[in-house]
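**Q** need a structure here:
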Amino acid sequence: METEKRRNELLNLLRKASKPLTGAELARHFNISRQVIVQDIAILRASGEQIFASFQGYMIPSLPEEIWVRSVVACRHTREQIKDELGIVVDLGGRALDVIVEHPVYGELRGNLMVSSRRDLNLFLESLHKTAANPLLALTGGIHLHTLEAPDQKVMQEITASLDRAGYLVK
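**A** Numbers count the residues shown, from 1 in each chain. Okay, the predicted model is just below:
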């Protein structure tokens, strides 16, 4: 398949997907290597396409049908408390979009989470465990930011109050 045609089809697949697609899935679809997919994604991003990579795969976020309230919160906790922290968010109906840390050399480092359910949370934790990767909070002594979304302000207030009661919010 011609490169340009493949990249256009790749974009169409990502736009139509109801869930993130892994590099391996895309490579199988096109009968090419995962490395070619990584290269295609990089070129598409450089051309301005909003393709996000998370632990679940690649995606092009669609606009939500409803408008959710968004807030950035500062947190501090250990690696062992990640499940509890993000569990509070999803159990109350929210979503954790990302994690952000401030690096002394590189500045802001952001990891896409897109965790909106216990299932997503368990997949994320499993990915951390399988890869033996350190979470970004390990770079900053546990201090990090999350961009959170909730269906309304009342739910967002409930989420932040619960995170505060658990001792995770930095004030």
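
**Q** Return the helix or strand in the chain with minimum mean pLDDT.
**A** Among the helices and strands of the chain, strand 52-54 carries the lowest confidence by mean pLDDT, DSSP states H and E, at a mean of 85.

**Q** Which residues in that one does the neighbour count mark as buried?
**A** Within strand 52-54, the residues that count as buried by 16 or more other C-beta atoms under 10 Å are 52, 54. Where you see a C-beta, it was placed from the backbone N, CA and C, and this is true even at glycine.

**Q** so what secondary structure elements neighbour that strand?
**A** Secondary-structure packing of strand 52-54 (3 or more C-beta pairs under 8 Å, 6 or more residues apart in numbering; DSSP states H and E): strand 107-115.

**Q** what helices or strands is the strand it packs on leaning on?
**A** Strand 107-115 packs on strand 52-54, helix 82-91, strand 95-103, helix 118-131, going by 3+ C-beta pairs under 8 Å, 6+ apart.

**Q** Could you provide the ones you listed in JSON lines, with additional columns for distance to residue 171?
**A** Supplementary listing: these in JSON lines, determined by distance: least, C-beta to C-beta, whole Å:
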{"stretch": "strand 52-54", "distance to residue 171": "29"}
{"stretch": "helix 82-91", "distance to residue 171": "16"}
{"stretch": "strand 95-103", "distance to residue 171": "17"}
{"stretch": "helix 118-131", "distance to residue 171": "25"}
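
**Q** Where among those is average confidence lowest?
**A** Lowest mean pLDDT of the helices and strands packed on strand 107-115: strand 52-54, a mean of 85.

**Q** Could I get the average pLDDT for the next helix or strand after that strand?
**A** Downstream of strand 52-54, the first helix or strand assigned by DSSP states H and E is strand 57-59. The pLDDT scores in strand 57-59 average 90.

**Q** Can you give me the buried ones in strand 57-59?
**A** Neighbour counts over strand 57-59 (16+ other C-beta under 10 Å) mark 57, 58, 59 as buried.

**Q** between those, which is nearest residue 7?
**A** Closest to residue 7 out of the buried residues of strand 57-59 is residue 58 (12.7 Å), distances taken as C-beta to C-beta.

**Q** didn't that closest one look like it was pressed against residue 23?
**A** Yes. Between residue 58 and residue 23 there is a contact at 7.0 Å, judged by C-beta atoms under 8 Å.
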